[in-house]
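Peer 1: Quick one, what's the 3D model for this:
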Amino acid sequence: MSGHDTPIPMSAGKSGPLLGEAHVPGDKSISHRSLILGALSVGETKITGLLEGEDVLDTGKAMQAFGAEVINHGGGSWSVHGVGVGGFAEPDQVIDCGNSGTGVRLIMGAMATSPIAATFTGDASLNGRPMGRITDPLALFGAASYGRSMGRLPLTIIGAENPVPVHYTTPVPSAQVKSAVLLAGLNAPGETIVIEKEATRDHSERMLAGFGAKITSEDTDEGRVITLTGQPELKPQVITVPRDPSSAAFPVCAALIVEGSDVLVPNIGLNPTRAGLYYTLQDMGANLTFENMREEGGEPMADLRAKYSPNLKGIEVPPERAASMIDEYPILSVVASFAEGVTKMHGVKELRVKESDRIDAMATGLRLAGVTVDEGEDWWHVHGLSGDVPGGATCESHLDHRIAMSFLILGMAAQNPVAVDDGSPIATSFPIFEDLMSNLGATIVRTTA
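Peer 2: Here you go, the predicted structure:
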């Protein structure tokens, strides 16, 4: 299902204090990888806390199409009966990945070294996103791809009949590219090596090791060198998915800018390759604390408490932090609008090729809401208004869930309501967003088109 056929306009107005606990969905990155690695294992992988948004559900359907048995037991509890590395069957239908760049790119990697063909498509947003950064390294294994201009979906991949291991340096800091290459390397003999000049989120490495793959990571003068030994027999796992730090960003940031708020978000994953936003917010002076720090399944976790922070200051976000918070820059720009001074964000060109051009989308909407924004190809500056943001805008979501949620959070603290033309993409990653924010005390309404 591609979704978004019927737009759902939404609006959020100035809110009273946001109070209570926010039980956000499971981590999207870990949910995708749990289903894919479960399908590549021999036996039954049991998963609890799976994110049941459209993106992850589409990945589950894809694993079924490749021959795995995927069962929903209800309440976020799932099981995957895998077919083993190299055991994927050729699907008899087109694989529709909806809005998910993570899903389609990881699945392409997982099937590219098996002698099968598969055709991938998605919604209008996904079909406009570049896939050459994935298909180029997959070609080194021996896979072939045929798609639209600039490597866009719909696209067919013909897997390598006799795959060879590769030695690949990622041209951009992207966990999706790295993960696709590592997943392809699973069914190639010998050692596949990936070098990252800038380290990105390491869920794939942690989970591959947990499933029994031989994988090492070493920081060198070249960057982070990840070495995977191919053709392992992956062992099924019992996985508890932590709550998604990217989804948690929305109630957390709302609490920081809505007067009188005090929100606790329990059981958040705080993998250091994902937690850059929270360190940035603390640098800005946010009243943000980590409680009950612990580790589960190799992933650090904590309960996160956010309180109204009226004295936020604009800062220059360290560019080296970008990879650990790339999905959170839209909501950070909202917080920056309420800070004093200028928040400067550099080294973020990856935002131009996400579900939308997120720099352009946020800059345009913030300007409509009365905020001054400067931008360049790989940077943008938000001029904060010390808590006094006019609002009163209708902003385009561009089929991007994070853009839609960010502008709705803006409306909760602005002087006048902020609307989005289409909130339907929110279901791809955060299907309970409206109910969760309403339970905290926010008012989000669905309006007429």
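Peer 1: end to end, how far does stretch 177-192 reach?
Peer 2: Taking CA to CA, to the nearest Å, stretch 177-192 runs 14 Å from one end to the other.
Peer 1: Tell me which stretches of the protein form helices.
Peer 2: Remark: helices assigned in the chain by DSSP state H are 28-39, 54-65, 101-111, 132-141, 175-185, 203-210, 245-257, 276-283, 329-338, 358-368, 401-413, 433-440.
Peer 1: out of these, nearest to L228?
Peer 2: Closest of the helices of the chain to L228 is helix 175-185, at 4.7 Å (criterion: CB to CB). For every residue, glycine as well, the C-beta is placed using N, CA and C.
Peer 1: which helices and strands does that closest one pack with?
Peer 2: Applying 3 or more CB pairs under 8 Å, 6 or more residues apart in numbering; DSSP states H and E, one finds that helix 175-185 contacts helix 28-39, helix 101-111, helix 132-141, strand 191-196, helix 203-210, strand 223-229.
Peer 1: if you set the cut-off to 7 Å instead, what comes out?
Peer 2: Contacting helix 175-185 under the criterion 3 or more CB pairs under 7 Å, 6 or more residues apart in numbering; DSSP states H and E are the following elements: helix 101-111, helix 132-141, strand 191-196, helix 203-210, strand 223-229.
Peer 1: Which one of the ones you listed lies nearest to E396?
Peer 2: helix 101-111 (19.3 Å).
Peer 1: Could you pull up the mean pLDDT of the closest one?
Peer 2: Averaging pLDDT along helix 101-111 gives 97.
Peer 1: Tell me which residues are up against that helix.
Peer 2: For helix 101-111, contacts defined as CB atoms under 7 Å, 6 or more residues apart in numbering pick out 29, 32, 36, 40, 55, 58-59, 62, 66, 88, 95, 97, 118, 120, 122, 126, 129, 134, 138, 157, 159, 176, 179-181, 183-184, 355.
Peer 1: Kindly report the same for stretch 254-272.
Peer 2: Here stretch 254-272 makes contact (CB under 7 Å, 6+ apart) with 15, 17-24, 27, 201, 203, 242-245, 248, 251-252, 281, 286, 299-309, 335, 338, 409, 412-413, 440, 442.
Peer 1: Okay, buried residues for that stretch please.
Peer 2: Neighbour-count burial for stretch 254-272, with 16 or more other CB atoms under 10 Å as criterion, is recorded at 254-258, 261, 263-271.
Peer 1: do stretch 438-449 as well
Peer 2: Buried, per 16+ other CB under 10 Å, within stretch 438-449: N439, L440, G441, A442, I444.
Peer 1: of those residues, closest to S145?
Peer 2: Distance ranking of the buried residues of stretch 438-449 against S145, using CB to CB, places I444 first at 40.8 Å.
Peer 1: Drop anything exposed from the contacts of stretch 254-272.
Peer 2: 15, 17-18, 22, 24, 27, 201, 203, 242-245, 248, 251-252, 281, 286, 299-309, 335, 338, 409, 412-413, 440, 442.
Peer 1: List the contacts of M325.
Peer 2: Neighbouring residues of M325 by CB under 7 Å, 6+ apart: G276, L277, T280.
Peer 1: shaky segments in the stretch 151-300 of the chain?
Peer 2: Low-confidence segments of the stretch 151-300 of the chain (pLDDT under 70): 297.
Peer 1: nearest residue to A175 other than its sequence neighbours?
Peer 2: T200 (4.0 Å; CB to CB, 6 or more residues apart in numbering).
Peer 1: so how far is D244 from that neighbour?
Peer 2: 17 Å (CB to CB, to the nearest Å).
Peer 1: Need the helices of the chain in CSV (columns: distance to T227).
Peer 2: Output for the helices of the chain, formatted as CSV (distance: least, CB to CB, whole Å):
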stretch, distance to T227
helix 28-39, 18
helix 54-65, 26
helix 101-111, 17
helix 132-141, 16
helix 175-185, 9
helix 203-210, 10
helix 245-257, 28
helix 276-283, 26
helix 329-338, 31
helix 358-368, 33
helix 401-413, 33
helix 433-440, 40
